[in-house]
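Novice: Next input, structure requested:
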Amino acid sequence: MSKVLLINGSPKADGCTAEALKEMIRTFDAEGVETELVQVGNKNVRGCVSCGYCMEHGKCVVDDIVNEVAEKFKDADGVVIGSPVYYGSPNGTMLSFLDRLFYSCAQGAGHMKVGASVVSCRRGGNSASFDVLNKYFTISNMPLASSGYWNQVHGFTAEDVRKDEEGLQVMRNLARNMTFMIKAIADAKEKYGLPELESGAFTSFPDGK
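Specialist: Model prediction:
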């Protein structure tokens with residue numbers, strides 16, 4: 001059975017972002033996809049310090065929820081990251097978490113896993129936050145799932161989001177599209193194998209020219 005890992009970057013386990021992710025989970029359930037929801041936004045997560053420990057040991061030097069989720073990430077066929085909007089950007093805890101998660105494991109473990117970002121706000125900043133979150137996937141060889149509109153919901157409370165009929169529709173379509181992509185990639189992997197992944201080239205222009 002396919003499995004999707006959903007990560008809630010909101011400090012509120014039952015807030016607006018959670019409502020969007022729950023709508024996706026209900027759709028995944030109907031599609032026969034296993035899900036696991038991890039709450040991150042209420043944890044104390046420090047940012048990356050660029051120490052290089054993960055390059056040698058395969059995990060972050062700070063042994064916290066980042067390393068816990070990294071193991072779940074490796075076993076998932078798809079990953080959804082959800083965040084509220086704070087000042088036109090994903091919240092700080094989520095960004096610190098994602099910086100460390102993707103740097104320590106996802107560049108190798110993410111190859112051809114399907115990724116999707118979900119954002120929530122009261123009024124503005126969704127598209128800017130959506131752009132930030134998508135970049136974690138597109139630097140990690142992960143194809144993006146899309147919907148009929150940007151993956152966002154609006155509301156000041158969870159009850160507001162439940163009234164956002166278009167936003168919830170976007171979440172359902174997103175989950176169905178992810179399911180299709182996951183199945184299609186699994187079929188192609190069995191028939192053709194995964195695409196070759198080159199590495200080693202690292203342009204830095206150290207001579208200043």
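
Novice: what's the spacing between Ser147 and Leu174?
Specialist: 4 Å (CB to CB, to the nearest Å). Quick note: C-beta positions are derived from backbone N, CA and C, even for glycine.

Novice: The two: who's more crowded?
Specialist: Here Ser147 and Leu174 are set side by side on neighbour count (other CB atoms under 10 Å), and the busier one is Leu174, at 24 against 20.

Novice: Where does the more buried one sit: helix, strand or coil?
Specialist: Under the three-state scheme (DSSP: H, G, I helix; E, B strand; the rest coil), the conformation of Leu174 reads as helix.

Novice: Next up, the contacts around it.
Specialist: Leu174 sits next to Met24, Ala116, Val118, Ala145, Ser146, Ser147, Asn151 when contact means CB atoms under 8 Å, 6 or more residues apart in numbering.

Novice: Same question for Gly155.
Specialist: Gly155 makes contact with Cys16, Glu19, Ser120, Arg122, Val161, Arg162, Lys163, Asp164 under the criterion CB under 8 Å, 6+ apart.

Novice: so which of the contacts of Leu174 comes closest to Glu190?
Specialist: Each of these was scored against Glu190 by CB to CB, and Ala145 proved nearest at 20.4 Å.

Novice: Excluding chain neighbours, what is closest to Cys16?
Specialist: Closest residue to Cys16 in three dimensions, ignoring its sequence neighbours and counting by CB to CB, 6 or more residues apart in numbering: Ser120, at 4.1 Å.

Novice: List the contacts of that neighbour.
Specialist: For Ser120, the contact set (CB under 8 Å, 6+ apart) comprises 10, 15-17, 19-20, 82-85, 126, 152-155, 161.

Novice: make it 7 Å
Specialist: Counting by CB atoms under 7 Å, 6 or more residues apart in numbering, Ser120 touches Cys16, Thr17, Ala20, Pro84, Val85, Gln152, Val153, Gly155, Val161.

Novice: pLDDT weak spots in the chain?
Specialist: Within the chain, the ranges that satisfy pLDDT under 70 run 106-107, 207-209.

Novice: please redo it, this time with the cut-off set to 50
Specialist: In the predicted model of the chain, no residue satisfies pLDDT under 50.

Novice: quick one: the helices in it?
Specialist: Chain-ordered helices for the chain, with DSSP state H as the definition, fall at 16-30, 53-57, 65-75, 92-101, 107-109, 126-138, 158-162, 165-192.

Novice: Including distance to Thr203, could these go into a markdown table?
Specialist: Shown next, in a markdown table, are the helices of the chain (distance: least, CB to CB, whole Å):
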| stretch | distance to Thr203 |
| --- | --- |
| helix 16-30 | 37 |
| helix 53-57 | 18 |
| helix 65-75 | 27 |
| helix 92-101 | 22 |
| helix 107-109 | 16 |
| helix 126-138 | 18 |
| helix 158-162 | 43 |
| helix 165-192 | 29 |
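
Novice: Which of those helices sits closest to Ser204?
Specialist: Among the helices of the chain, if distance is taken as CB to CB, the winner is helix 53-57, at 16.0 Å.

Novice: Show residues contacting that closest one.
Specialist: When contacts are defined by CB under 7 Å, 6+ apart, helix 53-57 is touched by residues Cys60, Val61, Tyr103, Ser104.
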